[in-house]
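Colleague: test case, fold it:
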Amino acid sequence: MNIKLIRSDTIYKKMMNAPKEKRDDIYRYEIMKPFEFKWSCYNVPLKSLQKGGYDVVMASGMLGYLAPSEVDEKQKENIDLISNENLWKICEKTIQNSLECFTKVGYELPVKEYMFSIVLGNPKSPYMLMCDGYSGEGGIPGYIFASLVPNEYTVSRIKVALAHECNHNVRFQFEKWKNDITLAEMMIHEGIAENFATTMFGEDMVGPWVSKTDKETLNDYIKPIIKDGLNVTGMDNITAYLYGDEMAEMQGYFPVGLPYCAGYACGYYMIKHYLKKTGKSIEEATLTPASEITKVIEDFWSE
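Modeller: Down below sits the predicted model:
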């Protein structure tokens, strides 16, 4: 397999020293151009035909990435933090190790080329604040992002987020995404990915999307609400269950009475239940269709 690193640190330095009006295009055509296919899967063009229209710059802002216009001298320390050679080596090695978890046990991955980059997070974005300043995106096979507000904590967690995203990258090579995806299916995808990450790096490295939910809240409050919504479809309806009311309302969706990332936390323990019950490895589970997993874990809801 071939892992190509798009060294965003050097491009951010270029943006920092460029006139403000030039930064959007540097961001579009030097950081994001290699990921054009990924963006096209979400119907996001690199550049809108209309000035100020929806494109990769606007979409990046909605995802919590730092706006190109804000990449100035104030970002020098953050850019320096993501310029560390060892950080990029760790990222590359994590991607390699994650993919090799599958090839070493005999799985043939259809995708051979993987593109990766680090993007700066917006410290004022509610999305970045909610996820403690770091996250990832790896839903399109062959393309992986890590986004972070750089500091000692977020830099130390980036490898865990990457393992999570690499798992999505592998799973979606075998179980194709569908627009009418159910809440149950989304929870399975996310639960498998986070269990894969903790299998690699330990339970103490579980993400805030799981660690911020205690077991009592999960069992007494969250599970009954989610159980009633397992067959809900479409991200407009799923969002509140998966990410919680606060994030759903920010996107204009209806709340359902759930706290931050309730669906992520529930999915994590749901898959942990599945792994214990079946004795399957996390690699086997990753390549198991959601429909098969759903049948096995019905007793999870009565625990």
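
Colleague: mind checking the backbone torsions on Pro123?
Modeller: Note on Pro123: backbone dihedrals following degrees, to the nearest 10 are phi -60, psi -20.

Colleague: count of residues packed around the nearest residue to it once chain neighbours are set aside?
Modeller: Excluding the flanking residues, the one nearest Pro123 by C-beta to C-beta, 6 or more residues apart in numbering is Val149, at 4.6 Å. (Each C-beta comes from the backbone N, C-alpha and C, glycine too.) Val149 has 22 neighbours, counted by other C-beta atoms under 10 Å.

Colleague: next: Gly244.
Modeller: 26.

Colleague: equivalent analysis for Lys277, please.
Modeller: Using other C-beta under 10 Å, Lys277 has 12 other residues around it.

Colleague: shouldn't it be within a helix?
Modeller: Yes. The assignment for Lys277 is a helix, going by DSSP: H, G, I helix; E, B strand; the rest coil.

Colleague: pretty sure the residue nearest to Pro123 contacts Ser135?
Modeller: No. Taking contacts as C-beta atoms under 8 Å, Val149 lies outside contact range of Ser135: 10.2 Å.

Colleague: hey, what's in contact with both of these two?
Modeller: Gly121, Met128 (C-beta atoms under 8 Å, 6 or more residues apart in numbering).

Colleague: ok, back up a step: check what pLDDT the residue nearest to Pro123 gets.
Modeller: On pLDDT, Val149 comes in at 97.

Colleague: contacts only, for it.
Modeller: Asn78, Leu120, Gly121, Asn122, Pro123, Met128, Gly133, Tyr134.

Colleague: give me the pLDDT value at the closest residue in space to Cys261 that isn't next to it in sequence.
Modeller: Sequence neighbours aside, Trp209 is the residue nearest to Cys261 in space, at 3.9 Å (criterion: C-beta to C-beta, 6+ apart). We have a pLDDT of 94 for Trp209.

Colleague: what comes into contact with the host helix or strand of Trp209?
Modeller: With elements taken from DSSP states H and E, the one containing Trp209 is helix 208-211. Residues outside helix 208-211 that contact it (C-beta under 8 Å, 6+ apart) are Met130, Cys131, Asp132, Glu190, Glu194, Tyr260, Cys261, Tyr264, Ala265, Tyr268.

Colleague: isn't the second one up against Gly207?
Modeller: Right, Cys131. Yes. Between Cys131 and Gly207 a contact is recorded at 7.4 Å, counting by C-beta under 8 Å.

Colleague: give me the common contacts of those two.
Modeller: Common neighbours of Cys131 and Gly207 (C-beta under 8 Å, 6+ apart) do not exist.

Colleague: returning to what we had before: take the contacts of helix 208-211 and write them to TSV, including distance to Gly106, secondary structure and neighbour count.
Modeller: Below are the contacts of helix 208-211 laid out as TSV (distance: C-beta to C-beta, whole Å; DSSP: H, G, I helix; E, B strand; the rest coil; neighbours: other C-beta atoms under 10 Å):
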residue	distance to Gly106	secondary structure	neighbour count
Met130	39	helix	20
Cys131	34	coil	26
Asp132	36	coil	17
Glu190	25	helix	25
Glu194	24	helix	25
Tyr260	38	coil	17
Cys261	34	coil	25
Tyr264	30	helix	24
Ala265	32	helix	31
Tyr268	26	helix	27
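
Colleague: rebuild those residues as JSON lines, extending it with distance to Leu275 and pLDDT.
Modeller: Formatted as JSON lines, the contacts of helix 208-211 follow (distance: C-beta to C-beta, whole Å; pLDDT from 0 to 100):
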{"residue": "Met130", "distance to Leu275": "27", "pLDDT": "89"}
{"residue": "Cys131", "distance to Leu275": "24", "pLDDT": "93"}
{"residue": "Asp132", "distance to Leu275": "26", "pLDDT": "95"}
{"residue": "Glu190", "distance to Leu275": "15", "pLDDT": "97"}
{"residue": "Glu194", "distance to Leu275": "12", "pLDDT": "98"}
{"residue": "Tyr260", "distance to Leu275": "24", "pLDDT": "93"}
{"residue": "Cys261", "distance to Leu275": "20", "pLDDT": "94"}
{"residue": "Tyr264", "distance to Leu275": "17", "pLDDT": "96"}
{"residue": "Ala265", "distance to Leu275": "16", "pLDDT": "96"}
{"residue": "Tyr268", "distance to Leu275": "11", "pLDDT": "98"}
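
Colleague: nearest to Lys223, out of these: which one, please.
Modeller: For these, the closest approach to Lys223 (C-beta to C-beta) belongs to Ala265, at 10.0 Å.
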